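Peer 1: here's a sequence, model it:
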Amino acid sequence: MSPKNENPSPKDVYIVVGRSNTGKTTLTRRLAGFKGITEEKFQETHVFLEHGKFEGTDASLINTPGNNFTFTDNEDELIIRKLFLQNNVKGILFVADAKSLAKSLALFFYYQEFGVPILLNLNMTDEASIRGLVIDTYRLAKLLGVTVNSTVAIESSGISPIKNITKSELPIGKPIRYTESIETYLNEFEKLTLSRLKYRRLLALAALTGDSAASEYIVQECGETVGQSVHQLVAKTRQILGAKNIPNLLTNIYHSEAEQIARQVVTLSTDIKIPFMDRLGVYSTRLATGIPIALLVFTGLYFFVGRFGAQFLVDLLEKKLFGQIINPYMTVVFSHIPSPFVQEMFMGKYGILSTGITLAFGIVFPVLLTFYFALGVLESSGYLARLTILFERFFKKLGMTGKGIIPLLLGFSCITMAIITTRILDGRKEKIIASVLLVLGIPCAPLLGVALVLLSKMTGLAYVLFFGIIFLQVCLAGLALNQLIKSPASVFLFEVPSMRLPHLRSLISGATRRTYGFLVEAVPIFILSMFSIFIIDKLGGIVLLGRILKPLLVGFIGLPVESVTVFLMSMIRRESGIAMLSQYADLQLFTHVQILINLILLSFCVPCINAMITLIKERGLKLALCVLAFTIPYAVLLGGFLNWVLTKLNVTL
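Peer 2: Numbers count the residues shown, from 1 in each chain. Now for the predicted structure:
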C-alpha cells in the first residue's frame, strides 16, 4: 500500500468500482468513448486497468476489476486500495446491478468508507423491470445521502447525468453505523492520527481486520509512535469484540444494513414472468439438468474453437494465405539477397518468416481469437459461475472447492495466467493443488488448438486417448495431493452473478484485446525461438542432441529425432513447439501414434519458461523443482508405455 506513484495521474481522478458483471466496463467506455480507452498493466501485477477521460474534460477515469468481497487479501481489492492512495481521487462512480440491489449496497458501504464523494449508479434497470423490480431512487438517495442515477449502459441510456459529475460537487453520503465498540475505536483512531491520513476510516477498519499493509502505511505516514499506539488500540478493540474473523463481522453489518434499505426502496410487481436466462441459470446448477447443459456447452466449444477456429480459420490463414501467397512471395524477395545464410535465416526450414511468423499468425492467432471469444461468452453470461457450483462436489474430492474449476478452465487459455488466478482460491492447500494440476497436464489454448487440428485427421479413438488421459491424470493427481497435503478444507463461499445474454460488441472487443495482448508478448518470442533453433541447427546442436536423445526418443518412446526440435521450442514457448509439430505432421514425418505421444508429452512434460517462473513466484522454488522432478520422468515413462501398448495392439489412429 505504498503511496509511491510511478506514473503520475491527472489532477482529478474518478474511480469506477462495483461488483463483477455489473456493466462497469461498458459504462466506462460510454463515458470515455471507445477510442478514448487505453489499457495499462498495474505495477508489479498481471492485472490490466482501463484508463480514459470524461469526453471533453481533463478528468481521468479508471475502471477497476470487479470486486465481490471486502477486507480480504484478494489482489483486485489490494490494487483498488493502492489506486486510491496513489491518486487524487475526486470521486467514486459505484456501478450497481439493479437486479440485486442488496448485494451491491453491501459493497457500496465499503467504498463509502473512503470518505470520497460518491455516485451510486443503478445499471441494467431494464433487466430489473423485466423481473418486476421497481426501485424508488428518490427514497434510496435520501436514505444514503448520495446522488443516485439509473442507466442501461449497453444502450447508452441514462449516461448524460454521469458525464456532468465533473462540473458539480457530489455528496459523500451518510456514514454507516457500526457497533458501539467499533464506533469508539474509530473515534480514538482519529484522535491518534490527528486527521493526518486520507481515507482514515477505511484504513482504520483495514488495520482492525489485520491488514498488515494498512498498518505499515499508517506508520509510514504518522510515525512509529503513532503506529505503536494504533497497534495497541487495534489489539484492545479486537479483544473487546471477541470475534476471530473481523472481516466477516464488518461484512455482516454491511449486508444487514443493505437488506434493510433494499426492503424500503424495492417493490415487486405482481405480474412477474421469470426470464428464460434466469431459469437457465437455475437449471445449470442442478445435477440432473446441469450435466446435460454442460455437455452441450462443451460440444459447442469444440465445434466453435476446434472446428471453426482450429480447422477452418487455420486452413484459411496458414495454408492459403501464408502457404500459397505470403511465403512464396517472400521467398522470391529474399532470393535477391546474395547471402544464403540470410536467405535461410528468414525463409529456410527454421526461418523467422517462413516458420516463426507463419506459426504465430497462421495457427496460434485464429485459435486464440476463437478461444477468447468463447471464454468471454462463458464469463459474461454468468455460466462460468454456474459451472463452479455444479462441480463443487467433484472438486471437493480433489481437495478444492468448486472455485477450483475457474483456474483449471483458464489453464486451457494460458497456464501462466491460470497459476496467477489461483489467488482467488481460499486456502494454501487449494492453491498448491490447482497449481500442480495446471503444470502437470492442462493443455493451454495454443497447444489445445493445434492438438485439435492434428487430432481431427485421426480417428475418434485419438480424441478419447488424449482427453481421457488428461482427465484421468487430473483426477488421480488431485486425489493423491488431497491425501498428501494435510490441511482443513476451505468453506465454499461464492458470489453468483445473474445470467444474461452477452453483448456481441463487448465479446469481440474482449477477444481481440486479449489476443492482441498475447501476440504482442508472444511474437518476439516466436522470432527469438526460431532464430535460436536456426543457430543451434547451424552449429550442429540439433544433430548432437538427436544422437544423445536417440536411445530414449527412438528406442523407448518410439519418436523420430525431429522431436528434439519440438521439445526445444516448447521449453521456450509451448505454442512454438506445438506449431512446429503441426508443420512436421504436414510433412508426414510423424505417424499418427507418434503425433499422439508427442501431444501427451508436450502436455505433461514441458511447461514453458513463463509458467515455471510464475510457479516459482507464486508457490516457491521447492514446489516448482518437485513438480519438474516428478513430471519429466513420469511423462517419459507414460510415453514409452503408450508406444508399447499401441504398437503391440497395432492400434490404428
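Peer 1: pull the longest helix from the protein.
Peer 2: Counting residues, the longest helix found in the chain (DSSP state H) is helix 504-538.
Peer 1: from the contact counts, what lies against it?
Peer 2: Where contact means 3 or more Cβ pairs under 8 Å, 6 or more residues apart in numbering; DSSP states H and E, helix 504-538 is packed against helix 340-347, helix 365-381, helix 541-550, helix 563-572, helix 574-586. No exception for glycine: its C-beta is placed from N, CA and C like everyone else's.
Peer 1: so which of the ones you listed is the most surrounded?
Peer 2: With neighbours defined by mean count of other Cβ atoms under 10 Å, none of these is more surrounded on average than helix 574-586, at a mean of 25.
Peer 1: touching the particular helix or strand that has Leu438 in it from outside, list them.
Peer 2: Following DSSP states H and E, one finds Leu438 within helix 428-441. By Cβ atoms under 8 Å, 6 or more residues apart in numbering, the surrounding residues in contact with helix 428-441 are 398-401, 403-404, 407-408, 411, 415, 418-419, 422-423, 425, 470, 473-474, 477-478, 481-482, 485, 487, 490, 603-604, 607, 611-612, 615, 618-619, 623, 627, 631.
Peer 1: just to revisit the earlier point, report the buried residues of the longest helix of the chain.
Peer 2: If you call a residue buried by 16 or more other Cβ atoms under 10 Å, then helix 504-538 has these buried ones: 506-507, 509-511, 513-515, 518-519, 522-523, 525-526, 529-531, 533-534, 536-537.
Peer 1: which secondary structure elements does the longest strand seen in the chain sit against?
Peer 2: Criterion DSSP state E: the longest strand present in the chain is strand 89-97. Applying 3+ Cβ pairs under 8 Å, 6+ apart, we find strand 89-97 packed against strand 13-18, helix 24-32, helix 101-112, strand 118-123.
Peer 1: what's next to the first one, contact-wise?
Peer 2: Outside of strand 13-18, the residues within contact range by Cβ under 8 Å, 6+ apart are 24, 27-28, 54, 59-64, 66-67, 80, 83-84, 87-97, 104, 107, 111, 165-166.
Peer 1: ditto for the last one
Peer 2: Judged by Cβ under 8 Å, 6+ apart, the contacts made with strand 118-123 from elsewhere in the structure are 22-23, 27, 91-98, 101, 108, 111-112, 128, 135, 137, 140-141, 144, 146-153, 162, 165, 170-173.
Peer 1: of the residues you listed, buried ones?
Peer 2: Neighbour-count burial (16+ other Cβ under 10 Å) is assigned, among these, to 22-23, 27, 91-98, 101, 108, 111-112, 128, 135, 137, 140-141, 144, 146-153, 162, 165, 170, 172-173.
Peer 1: what about the stretch 101-250 of the chain, any weak spots by pLDDT?
Peer 2: 195-196, 243-244 (pLDDT under 70).
Peer 1: what about the helices in it?
Peer 2: 101-112, 125-130, 137-144, 160-163, 180-193, 200-208, 212-222, 224-241, 246-265 (DSSP state H, counting those that start in this stretch).
Peer 1: Asp12 is nearest to which of the ones you listed?
Peer 2: Nearest to Asp12, of all the helices of the stretch 101-250 of the chain, is helix 160-163, at 13.9 Å by Cβ to Cβ.
Peer 1: can you tell me how far Ala288 is from Thr388?
Peer 2: Taking Cβ to Cβ, to the nearest Å as the measure, Ala288 falls 18 Å from Thr388.
Peer 1: ok, the two, which is more surrounded?
Peer 2: Neighbour totals were compared for Ala288 and Thr388, and Thr388 leads with 21 against 7 (other Cβ atoms under 10 Å).
Peer 1: quick one, what contacts that one?
Peer 2: Contacts of Thr388 (Cβ under 8 Å, 6+ apart): 402-403, 405-406, 494.
Peer 1: so Phe71 sits in a helix?
Peer 2: No - read with DSSP: H, G, I helix; E, B strand; the rest coil, Phe71 is coil and lies in no helix.
Peer 1: name the nearest residue to it, ignoring sequence neighbours.
Peer 2: Pro247 (3.9 Å; Cβ to Cβ, 6 or more residues apart in numbering).
Peer 1: any idea how far the closest residue to Met530 other than its chain neighbours is from Asp537?
Peer 2: Using Cβ to Cβ, 6+ apart and skipping the chain neighbours, the partner closest in space to Met530 is Gly356 (3.6 Å). Gly356 is 14 Å from Asp537, where distance means Cβ to Cβ.
Peer 1: before we move on, what about Ile433?
Peer 2: From Ile433 over to Asp537 (counting by Cβ to Cβ), the distance is 40 Å.
Peer 1: and what of Ile293?
Peer 2: Where Asp537 is concerned, Ile293 sits at a distance of 50 Å (Cβ to Cβ).
Peer 1: for Leu119, same thing?
Peer 2: Counting by Cβ to Cβ - Leu119 and Asp537 are separated by 62 Å.
Peer 1: please apply the same query to Cys444.
Peer 2: 26 Å.
Peer 1: ditto for Ser181
Peer 2: Following Cβ to Cβ, the distance that separates Ser181 from Asp537 is 72 Å.
Peer 1: same thing with Pro292?
Peer 2: To Asp537, Pro292 is 51 Å away according to Cβ to Cβ.
Peer 1: got the helices of the stretch 101-250 of the chain as TSV, with distance to Lys457 columns?
Peer 2: TSV is the format used below for these (distance: least, Cβ to Cβ, whole Å):
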stretch	distance to Lys457
helix 101-112	49
helix 125-130	45
helix 137-144	60
helix 160-163	54
helix 180-193	66
helix 200-208	57
helix 212-222	54
helix 224-241	64
helix 246-265	54
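Peer 1: the ones you listed: which one's closest to Met580?
Peer 2: Among the helices of the stretch 101-250 of the chain, helix 212-222 sits nearest to Met580 (Cβ to Cβ), with 45.0 Å.
Peer 1: quick one: the closest one to helix 200-208, angle?
Peer 2: Interaxial angle of helix 212-222 relative to helix 200-208 (axes from the mean of the first three to the mean of the last three Cα atoms, to 10 degrees): 130 degrees.
Peer 1: quick one, helix 212-222 and helix 180-193 angle?
Peer 2: Using the same axes, to 10 degrees: helix 212-222 against helix 180-193 is 40 degrees.
Peer 1: what's helix 212-222 packed up against?
Peer 2: Contacts defined by 3+ Cβ pairs under 8 Å, 6+ apart place helix 212-222 against helix 75-86, helix 180-193, helix 200-208, helix 224-241.
Peer 1: got TSV for those helices, with distance to Phe276 too?
Peer 2: Listed next are the helices and strands packed on helix 212-222 as TSV, based on distance: least, Cβ to Cβ, whole Å:
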stretch	distance to Phe276
helix 75-86	31
helix 180-193	44
helix 200-208	41
helix 224-241	46
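Peer 1: which of these sits closest to Phe373?
Peer 2: Ranking the helices and strands packed on helix 212-222 by proximity to Phe373 (Cβ to Cβ) places helix 75-86 first, at 23.5 Å.
Peer 1: pull the contacting residues for Thr179.
Peer 2: By Cβ under 8 Å, 6+ apart, Thr179 lies in contact with 241, 253.
Peer 1: need the phi and psi values for it.
Peer 2: Main-chain torsions, Thr179, degrees, to the nearest 10: phi -70, psi 160.
Peer 1: distance-wise, check it relative to Ala206.
Peer 2: Applying Cβ to Cβ to Thr179 and Ala206 gives a distance of 17 Å.
Peer 1: ditto for Ala374
Peer 2: According to Cβ to Cβ, Ala374 stands 38 Å off from Ala206.
Peer 1: could you do Ile218 as well?
Peer 2: Distance from Ile218 to Ala206, by Cβ to Cβ: 9 Å.
Peer 1: over to Val219?
Peer 2: Distance of Val219 to Ala206, computed by Cβ to Cβ: 13 Å.
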